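1. Pasted the sequence and its predicted model underneath.
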Amino acid sequence: MASALTAAAIRIAAPGGPQVLEPKQIMVDSLAPNEAWIVQEAIGINFLDAMQRSGAVPIPTPSGLGLEAAGRVAAVGRAVSQVAVGDRVAYALGPIGAYATARAYPSERLIRLPDSIDCETAAAITFKGITAQYLLKSTFPVGPGTTVLLYGVAGALGQLMAPWAKHLGATVIGVVSKEASVEAARSRGCDEILVWGKCDVPAEVQRITKGRKADVVYDGVGKATFSASIDSLHARGMMVSIGASSGVPDPVSVGTLNAKGSLFLTRPSITAHATDLQEYRDRVADVYAAFSEGILPANIWKRFALEDVAQAHAALENGSSNGPVVLRV
């Protein structure tokens with residue numbers, strides 16, 4: 001590489017609130033043989049980013065942040081054959097550092113974007129779409145006759161999971177945190193909508209299902225909702241813990257799972273479902289196909305400039321966001 005590659009990037013020196021996100025200039029002397037230099041157009045923000053920034057999910061610091069973006073290939077290392085200069089591409093997962101105007105990234109994990117998907121859309125749906133895909137098709141195979149209880153249906157992940165579950169034939173009972181989110185949940189295809197704190201969720205699930213209860217619960221709230229979630233499952237149902245916005249749930253005795261009806265309990269991660277390259281590519285292809293077929297929306301709630309990333313994180317954490325948030329470069 002004849003000259004160093006430079007970019008503006010967001011870095012954190014130590015864990016903390018949104019104020020720890022600081023702009024820095026970064027420089028790459030040369031690309032590794034398998035790397036491509038991506039000039040980024042849009043960057044996806046995920047709740048995992050906020051958890052890593054705060055220290056709830058520890059990462060070594062100082063560090064960059066971000067696991068998802070889309071842009072155009074501007075240069076490639078000498079061994080790169082999967083992409084070429086000028087290709088529009090997207091990626092999800094590490095190495096961490098997506099919050100940047102440009103960056104070096106392993107070329108084998110880059111996904112060429114079809115003409116039907118722009119960079120903003122890719123930044124809004126790739127990471128969260130992979131998550132929705134494995135939750136609905138691998139963690140628990142949702143299909144006709146399945147009853148799903150889904151928390152956070154008004155949020156960015158729920159926006160993808162609810163219509164996809166409906167397309168697969170499920171009955172979707174959505175749980176939202178406030179009355180103001182009911183219409184958003186309804187527009188995403190929920191058959192029934194419950195407002196947390198305004199009703200007895202397990203009793204309502206039992207009423208809606210005529211006593212059968214749910215086959216699977218997807219709970220991203222955690223500590224505050226865990227007991228209600230497992231009480232909403234029928235015998236041999238599956239509890240899927242997908243987050244902990246209210247705190248990590250208390251430990252569960254295996255005897256409790258037995259007493260509640262031989263329940264299954266899992267805490268899946270995107271890393272375990274998208275590290276293998278072929279599996280990663282297959283899942284992304286399924287997500288992009290579902291978007292192109294009109295199954296998945298990409299209703300971006302708000303766009304922030306890269307330098308306003310602290311505002312974006314604050315919106316994500318205080319619950320004011322209502323759908324995907326992206327950073328524009």
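-> Nice, thanks for sending it over.
2. Pick out the residue closest to the middle of the chain.
-> K128 (3.1 Å; Cα atoms, centre = their mean).
3. quick one, what contacts the nearest residue to that residue once chain neighbours are set aside?
-> Among residues not flanking K128 along the chain, L157 sits closest, at 5.1 Å (Cβ to Cβ, 6 or more residues apart in numbering). No exception for glycine: its C-beta is placed from N, CA and C like everyone else's. Neighbouring residues of L157 by Cβ atoms under 8 Å, 6 or more residues apart in numbering: K128, T131, A132, G220, I242.
4. tell me which strands and helices the host helix or strand of the third one is in contact with?
-> Translated: A132. Using DSSP states H and E, A132 maps to helix 119-134. In terms of contacts (3 or more Cβ pairs under 8 Å, 6 or more residues apart in numbering; DSSP states H and E), helix 119-134 is packed against strand 35-44, strand 68-76, strand 88-92, helix 156-167, helix 270-274, helix 277-292, strand 325-328.
5. Next, count neighbours for A165.
-> 28 (other Cβ atoms under 10 Å).
6. let me fix that: K223
-> 13.
7. Now that it has come up, it's in contact with G243, right?
-> No - the pair K223 / G243 is not scored as a contact, 10.8 Å apart, by Cβ atoms under 8 Å.
8. returning to what we had before: and the residue nearest to the centre of the chain, what pLDDT?
-> We have a pLDDT of 97 for K128.
9. With S320 instead?
-> 81.
10. List the contacts of it.
-> With Cβ under 8 Å, 6+ apart, S320 has no contacts at all.
11. Determine the three-state secondary structure at it.
-> S320 falls in the coil class when you classify it by DSSP: H, G, I helix; E, B strand; the rest coil.
12. got TSV for the helices and strands packed on helix 119-134, with distance to P249 too?
-> Converted to TSV, the helices and strands packed on helix 119-134 look like this (distance: least, Cβ to Cβ, whole Å):
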stretch	distance to P249
strand 35-44	27
strand 68-76	26
strand 88-92	26
helix 156-167	18
helix 270-274	19
helix 277-292	27
strand 325-328	26
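13. mind giving me the domain split of the protein?
-> 5-124+276-328, 140-267 (the TED database).
14. Any stretches of the stretch 101-250 of the chain with poor pLDDT?
-> The stretch 101-250 of the chain contains no residues with pLDDT under 70.
15. What is the three-state secondary structure of A185?
-> helix.
16. what residues are up against it?
-> Counted by Cβ under 8 Å, 6+ apart, A185 has contacts V153, A154, G158, A162, G174, V176, I193.
17. same deal with G158?
-> L150, Y151, G152, G174, A185, R188.
18. Any idea what L149 is bridged to?
-> Beta-bridge partners recorded for L149 (DSSP bridges): I173, V217.
19. quick one: it from H273, how far?
-> Computed with Cβ to Cβ, to the nearest Å, the distance linking L149 and H273 is 21 Å.
20. Of those two, give the one with the bigger neighbour count.
-> L149 (32 against 19).
21. That one: what's it in contact with?
-> I173, V175, V201, V205, A214, V216, V217, Y218, S229, S232.
22. What distance do you get for it to D191?
-> Distance from L149 to D191, by Cβ to Cβ: 11 Å.
23. Also G145?
-> 13 Å.
24. Which residue of the two possesses the greater neighbour count?
-> Each of G145 and D191 has its neighbours counted (other Cβ under 10 Å); D191 has more, 15 against 9.
25. so how far is A214 from the more buried one?
-> From D191 to A214 the distance is 12 Å (Cβ to Cβ).
26. How about N46?
-> Taken as Cβ to Cβ, the span from N46 to A214 is 26 Å.
27. neighbour count winner among those two?
-> Set side by side, N46 and A214 show more neighbours around A214, with 25 against 22, by other Cβ under 10 Å.
28. Excluding chain neighbours, what is closest to the more buried one?
-> L149 (4.3 Å).
29. mind checking how far the one you found is from W196?
-> Taking Cβ to Cβ, one finds L149 at 12 Å from W196.
30. what touches both of those two?
-> V175.
31. Burial check on the nearest residue to A274 once chain neighbours are set aside, number of neighbours?
-> In space, and not counting its chain neighbours, A274 is closest to Y280: 4.4 Å by Cβ to Cβ, 6+ apart. Y280: 20 surrounding residues under other Cβ under 10 Å.
32. Could you do the one 10 residues further on as well?
-> For A290, the count of nearby residues is 19 (other Cβ under 10 Å).
33. How confident was the prediction at S3?
-> The predicted local confidence for S3 is 69.
34. Ignore what I typed, I meant A298.
-> 87.
35. Just the element for it, please.
-> Counting by DSSP H and E, A298 is part of no helix or strand.
36. Distance of it relative to I125?
-> With Cβ to Cβ as the criterion, A298 and I125 are 5 Å apart.
37. And C199, by the same measure?
-> 31 Å.
38. higher neighbour count, these two?
-> A count of neighbours by other Cβ under 10 Å puts I125 above the other of C199 and I125, at 29 against 13.
39. wait, the more buried one sits on S292?
-> No - with contact defined as Cβ under 8 Å, I125 does not count as touching S292 (11.0 Å).
40. Alright, calling it a day.
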